[in-house]
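Undergrad: got a structure for you, letters missing:
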């Protein structure tokens, strides 16, 4: 039984939610998000709350918690937004933002040009070698940050590469000298 799925989602003032069958649309001060919810889950709006219930006891309970979390992230995204911070470590590794394109120099023979998806903003702090990826869609922010990290994942010996700010890299000992 889903405990998270039973919790009501409170709608903050300034957020407008519209339901059309299985399609939900959430509008707020930062933007608008839409999503189609699975058929096994039913969303009911009561006053200033959204309740997520399952239609089928067997297969609906697994989707109830997921659907509730997705809708709660939509409400949170249009009010506060989400962000991920990436840190670049390595000599000569740097990032630069030109319009909606992120230019990365990561030790390859060529620079990497990554066009940011629509709805995603990026800020580059040149002195601290950090990239802040932000937007209202939590799923898209996480996917964009993961894609940027995949261009040069941190290696375990010196820790060079792109990592999340709160990520801890397990370091390995290098070669030991001859005895």
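TA: Great, that's in hand. Please read all numbers here as calculations on a predicted model, not as lab measurements.
Undergrad: For the host helix or strand of residue 35, which residues meet the burial criterion?
TA: According to DSSP states H and E, residue 35 maps onto strand 32-36. Within strand 32-36, the residues scored as buried using 16 or more other Cβ atoms under 10 Å are 33, 35. To be clear about C-beta, it is placed using only N, CA and C from the backbone, and glycine gets the same treatment.
Undergrad: Just checking, which helix or strand succeeds it along the chain?
TA: That would be, after strand 32-36 and using DSSP H and E, strand 41-46.
Undergrad: Packing partners of that following strand?
TA: strand 16-20, strand 49-54, helix 60-79 (3 or more Cβ pairs under 8 Å, 6 or more residues apart in numbering; DSSP states H and E).
Undergrad: So which of those is nearest residue 123?
TA: helix 60-79 (17.9 Å; Cβ to Cβ).
Undergrad: Let me know how buried the closest residue to residue 128 other than its chain neighbours is, in neighbour terms.
TA: The shortest distance from residue 128 to any non-neighbouring residue, by Cβ to Cβ, 6 or more residues apart in numbering, is to residue 87 (7.8 Å). A total of 18 residues lie near residue 87 under the criterion other Cβ atoms under 10 Å.
Undergrad: which one of the helices and strands packed on strand 41-46 is the most hemmed in?
TA: Ranked by mean neighbour count, those are led by helix 60-79 with a mean of 20 (mean count of other Cβ atoms under 10 Å).
Undergrad: Adjacent strands (with direction) for the helix or strand following that one?
TA: Scanning forward in sequence from helix 60-79 by DSSP H and E, the next helix or strand is strand 82-89. Applying DSSP bridges, strand 82-89 is found paired with strand 130-135 (antiparallel), strand 161-164 (antiparallel).
Undergrad: I am finished for the moment; much appreciated.
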